[in-house]
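Structure for this input, please:
(3 chains)
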Amino acid sequence: MKEISEIHLPDDVRYAQDHEWVRLEKDKIRVGLDDYAQDQLGDIVFVELPQVGDTFKQGEEFATVESVKAVCECYLPVSGKIIAVNTALEESPELVNDSPYGDGWFVEVNPGNLSEMENLMTHDACLEKLKGAE
Amino acid sequence: MKESLSATGPFLNEPLLWEKGKKGRCGFSLPRRDVEPCPLDEELMGEGPDFPDLSELDVVRHYTRLAQWNFGVDTGMYPLGSCTMKYSPKTNEKQASLPGFTGAHPLLPSGLSQGALKMMFEFEQYLNEITGMHATTLQPAAGAHGELTGMLMICAYHKKQGKQRSKIIVPDTAHGTNPASVSLCGFRPVPVTSNEQGILSVEAVSEIMDQDTAGIMVTNPNTLGLFEENIQKIAQIVHDKGGLVYCDGANMNAVMGVVKMGDIGIDVMQLNLHKTFSTPHGGGGPGSGPVSVAKHLEPFLPVPRVVEENGAYILAKDYPDSIGKISAFHGAFGVIIKAYSYIRRMGPENLKKASQLAVLNANYIKEMLKETLHLPYDRPCMHECVFSDKHQAAHKVATLDMAKRLMDYGFHPPTIYFPLVVPGAIMVEPTETESKETIDQFIEAFKAIVNEAVENPDLLHDAPKSCKVKRLDEVTAARKPCLAG
Amino acid sequence: MIYLPHTHEDIVSMLQVLGVDKLDDLFSTVPEDCRFNGDLNLPEALSEWELNHHMSTLSHTMAVSPEYKVFLGAGSYEHFIPASVSYLLGRSEFVTSYTPYQPEMSQGTLQAIYEYQTLAARLLGMEVATASHYDGATALAEALLMAVRITKRKKVAISSLIHPLYRRVVQTYFEPAGYEVVELPYLNTGVTDATGLDEMDDLAAVAIQSPNFFGCIENLQALGQKTHDTKALFVVSFTEALAYGLLKNPGSQGADIVGGEGQSLGIPRSFGGPALGMLASSKKHMRSLPGRLVGKTKDLDGKTGFVLTLATREQHIRREKATSNICTNNSLCALAAAMYMASVGGTGIRKLSQLNHDKAEYLKKELKKAGFTITFDSPTFNEFVVEFPSGFEANHKHLLEKKIIAGLCLAPYYPELANHYLLCVTETRSKDDMDALVREVKS
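Numbers count the residues shown, from 1 in each chain, chains lettered A, B, ... in the order given. A predicted model of the protein is given here:
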């Protein structure tokens, strides 16, 4: 597993407490799992995603990620309606490990309340939190 | 240490069944046809399953070779914590294969099945005595099945009182079957944390126990191998608010003849015959999980129940508050025969001795390995003890690596990564049937491995080397499951 | 005591290491008020030889073949088990090993169970079969709970011709969760009446047993069609696995999930247990399956190997969100079934099932000739219902004295069928046995 210094935390996303990331793309939100979480979980074997059209409140469980020996529930960082799911993850769950912020994205969301993004952490805040937890 | 226990082969390769055989072969002696053929309607006829055709020798060689790739208690020490892999006496197998038992139909008139009914009746009495409880059902087919039965009875009890409670308290050290059984019954498991001594504290339970909690599910001794010292006070708190106490009796091997669960506040518990009572594990079953209850839960036991009437035994069904049935018939009778035989062979003194020696063996291992492996709870344990891989982290060696390397030394690994409260947990349960020599060999092997972790950690990372296969790609097995050929 | 290897010297030396004097001191963490200080009130230990005698005596009270001719089925069947199967099943590497969580040391069990899963799936015509459950009743209950999880609906419809004890188990499982179970009635032809399904659009599953409790073969394809029309899952159950050696299997008839009993496949009756719960589904629902699954994979050297997989469904990982609470399954019984299916073979099983069918048909014919009414005229396999004249109980008792058990009286299970008996014939009953039965019931 990586050292804290090796964890990749790009600037163009915001981070939730449970290691989901959120990227604002024009008027929609893209959500995925951050590098720390994928590293901790190890090889991802399965991702269970919601259906297009499902709605969730902020903090509601919307997906689960499985490695061989563990399951991780994912909570939607910003409330809204699912407008796209990454179907590529069905055949290739390893995309979450290889490209957590790129091809390993989970869902696209039509956000209910963009101001909820202000509660999320920046790169710096996230790094601090990881260091603190050591 | 002299020669390692582990040698090599003969590990012959053996293909899958359908990669062998030739059409027309058969390994089954077809009985003589003494009636006319009676063709079925075309509409109903299927094509028959695509099974290979194998001769008797094809089948015998196949399974003989497969068996040689396996490691059982009869092969060597199997110190799996929480599993009680004690030796299974062979006389038990003999009794279970008596034709009068194997050939018996479960719905025989009771007059024609007195032997079975008598055995079941007596066995229930034995379990009542050992647990200190009032009544027992033999119907559950495994420990988890027994847990479900217990939960169903707790649910029925509260329903009868006119209250539908929604929660059950489950300690953080609980075996996974506990919260799973709780959920199956529609209850919500509420976690409670063990204290720094590794046991439940009265305060922690008191804080969360309320009128909406149906009860608590404890394991005693718990999965850290420690006796829940505060159990009586905890039971009191739960009872005071109208709840019930379920005890997972998986660890009963530590306290037979030493503690009677019914006397310390337990209302309902299951036993695992394939653990405490020596029935063999069979590669994953069959087991048997009888449930014993206090008097106030007796009306809810599954039906039918074996009762004595005028010197004979019958199956009685008229229990209006019964939860119903949990198995189609009477439970795993073939397994029960083995446990019954075990109790008859051991007798009361030896059962107690077994617990004492199980605890002796575990404490001995704890004492002898505590300088070698990190011991999170340095206090007297019961029949199992828990170490961790904390000291090996610096060498990038984990519990998994040490476990795999143990195989090369001729031992089945202990239970690993459970209980969850100890990261990198290594749970060792030797049981009483391992001799001091075997245990000393195990201790030496572990010491050697811990040394290797410092001097040559790759020996552990690449382990095992001397089994049929090396480490397996479990990731691909989960990503692209191939579950049938 | 021969299972306790410690000598006095061993104990003394080990106690010394622990710094205590006697074994009792090891229980210092058990508070005084939790201790039991008496002796367990259990019978004195028996020697191995006394135990042999004791158990032998008990076993001789049981009414079994060859002394008794038992024409009972109803979920537990007498079939010949090859000596080779019993012999192989005694290999202690299979018997005394644990669940294969350490796959490198358990390839024997793992390959054997993978083979069992494959043969079971082929027998049932399904894509995936689990490593086994406790029995047919719990397999059916788990199949229905699985359907509830998948469809997120809370109601199931089950045929009243599913084994009465299986239905009782389903009710017990469903009771606390508050799910609803409705029963479908039966027609006078001895098969399920599914017309009620037209009104139901909120079902998670419809469950049918075939051959059903009366031995009658259900029209699974039509029932499956009707089920799918309601958007429910089609669950098929069975108690006599050998039937699929001859009849169309559930998978070919539209079953989504199959949950039944495999005891007929090389497992002795043993007074009802241990048994073999067989559960299978399509690949689509694989991740909702409860119970263990063995998968094929490769090791570090690229050699084929087997491993428990999709474990994240199970209790030791998912805990309260697991697909079930099952831990121990019935692995050795599954192994017996695999050995049996391997021994009988594809060609053999056709012949064996045909023989079973024909023997039962013979008894049916002879009883008809003797003037008795065969209650239902649907085609049957191994079991059928016959109507005996009222007051037959006395006759039944008389037959017991002649060591003939003439079927199961249906009255306790179907009060409307008071004088009807469920008779079972397998390959183990000879023509002479059957002729004797007919002779005796006629008189």
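
drop to CA atoms for contacts and neighbour counts, all remaining ones
OK.

ok, now how distant is residue A:7 from residue A:38?
Remark: distance between residue A:7 and residue A:38 (C-alpha to C-alpha, to the nearest Å) = 10 Å.

Looking at the two, which is more packed in?
With neighbours defined as other C-alpha atoms under 10 Å in any protein chain shown, residue A:7 and residue A:38 compare such that residue A:38 has more, 21 against 16.

In contact with the more buried one, which residues?
Taking C-alpha atoms under 8 Å, 6 or more residues apart in numbering or on different chains, we find residue A:38 in contact with A:44, A:96-97, A:100.

could you redo the last one with a cut-off of 7 Å?
Going by C-alpha atoms under 7 Å, 6 or more residues apart in numbering or on different chains, residue A:38 touches A:96-97.

again, but for the one 3 residues further on
Residues touching residue A:41, when contacts are defined by C-alpha under 7 Å, 6+ apart, comprise residue A:67.

Let me see the confidence value for residue B:9.
At residue B:9, the pLDDT value in this model is 58.

brain fart, residue B:186
87.

all strands in chain B, in order from the N-terminus.
Counting by DSSP state E, chain B has strands at residues B:135-137, B:167-171, B:188-192, B:213-219, B:244-248, B:268-270, B:291-293, B:305-309, B:312-316, B:385-387, B:415-416, B:426-428.

Could you dump those into CSV with distance to chain A added?
Converted to CSV, those look like this (distance: least, C-alpha to the nearest C-alpha, whole Å):
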stretch, distance to chain A
strand B:135-137, 35
strand B:167-171, 20
strand B:188-192, 17
strand B:213-219, 24
strand B:244-248, 24
strand B:268-270, 28
strand B:291-293, 31
strand B:305-309, 41
strand B:312-316, 45
strand B:385-387, 20
strand B:415-416, 12
strand B:426-428, 16
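
In CSV, list the ones you listed along with mean neighbour count.
Shown next, in CSV, are the strands of chain B (neighbours: other C-alpha atoms under 10 Å in any protein chain shown):
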stretch, mean neighbour count
strand B:135-137, 25
strand B:167-171, 24
strand B:188-192, 19
strand B:213-219, 26
strand B:244-248, 26
strand B:268-270, 32
strand B:291-293, 30
strand B:305-309, 16
strand B:312-316, 16
strand B:385-387, 29
strand B:415-416, 23
strand B:426-428, 27
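
As TSV, the ones you listed with distance to residue B:54 would be great.
Formatted as TSV, the strands of chain B follow (distance: least, C-alpha to C-alpha, whole Å):
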stretch	distance to residue B:54
strand B:135-137	42
strand B:167-171	51
strand B:188-192	50
strand B:213-219	48
strand B:244-248	45
strand B:268-270	43
strand B:291-293	43
strand B:305-309	44
strand B:312-316	43
strand B:385-387	47
strand B:415-416	38
strand B:426-428	42
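
Can you check which of the ones you listed gets nearest to residue C:122?
strand B:415-416 (34.9 Å; C-alpha to C-alpha).

do you know which of the strands of chain B lies nearest residue B:226?
So among these, strand B:385-387 is nearest, using C-alpha to C-alpha, at 8.2 Å.

which other residues reach the closest one?
Contacts with strand B:385-387, where a contact means C-alpha under 7 Å, 6+ apart, come from B:224-225, B:362, B:366, B:373-376, B:425-429.

In these, which residue is surrounded by the most others?
In terms of neighbours by other C-alpha under 10 Å, those top out with residue B:224 at 31 neighbours.

who touches that residue in this structure?
For residue B:224, the contact set (C-alpha under 7 Å, 6+ apart) comprises B:385-386, B:419.

does chain B sit close to the longest strand anywhere in chain C?
Taking DSSP E as the criterion, chain C has its longest strand at strand C:203-209. No. Counting by C-alpha under 7 Å from any C-alpha of the partner chain, chain B has no neighbours in strand C:203-209; the shortest distance is 14.6 Å.

try stretch A:127-134
No. Judged by C-alpha under 7 Å from any C-alpha, stretch A:127-134 stays clear of chain B, getting no closer than 14.7 Å.

The helix or strand of chain B with the lowest mean pLDDT packs against which elements?
The helix or strand of chain B with the poorest confidence is helix B:177-184; it has a mean of 87 (mean pLDDT, DSSP states H and E). Here helix B:177-184 touches helix B:143-160, strand B:188-192, helix C:315-318, going by 3 or more C-alpha pairs under 7 Å, 6 or more residues apart in numbering or on different chains; DSSP states H and E.

how much does the first one deviate in direction from strand B:167-171?
Right, the one you point to is helix B:143-160. 140 degrees (axes from the mean of the first three to the mean of the last three C-alpha atoms, to 10 degrees).

Contact partners for residue C:94?
Counting by C-alpha under 7 Å, 6+ apart, residue C:94 has contacts B:67, B:70, B:282-283, C:109.

quick one: low-confidence ranges for the stretch 1-150 of chain C?
Of all residues in the stretch 1-150 of chain C, none has pLDDT under 70.

need the helices for it, in chain order.
C:8-18, C:48-59, C:83-89, C:92-95, C:107-124, C:136-151 (DSSP state H, counting those that start in this stretch).

cool, chain B as well?
B:56-68, B:90-96, B:99-102, B:114-131, B:143-160, B:177-184, B:202-208, B:231-240, B:333-369, B:399-408, B:436-455, B:458-461, B:474-479 (DSSP state H).

Can you flag the weakest of those helices by average pLDDT?
Averaging pLDDT over each of the helices of chain B puts helix B:177-184 lowest, since it has a mean of 87.

List the contacts of that helix.
Under C-alpha under 7 Å, 6+ apart, the answer for helix B:177-184 is B:144, B:147-148, B:151, B:170, B:188-189, C:315-316, C:319-322, C:324-325.

change it to 6 Å
With contacts defined as C-alpha atoms under 6 Å, 6 or more residues apart in numbering or on different chains, helix B:177-184 is touched by B:144, B:148, B:189, C:315, C:319-320, C:325.

In chain B, what residue lies closest to chain A?
As assessed by C-alpha to the nearest C-alpha, chain A sits closest to residue B:479 within chain B, at 4.7 Å.

Wait, that residue touches residue A:45, no?
Yes. Counting by C-alpha atoms under 6 Å, residue B:479 touches residue A:45, with 4.7 Å between them.

more crowded one of these two?
For residue B:479 versus residue A:45, the count of surrounding residues by other C-alpha under 10 Å is larger for residue A:45: 26 against 23.
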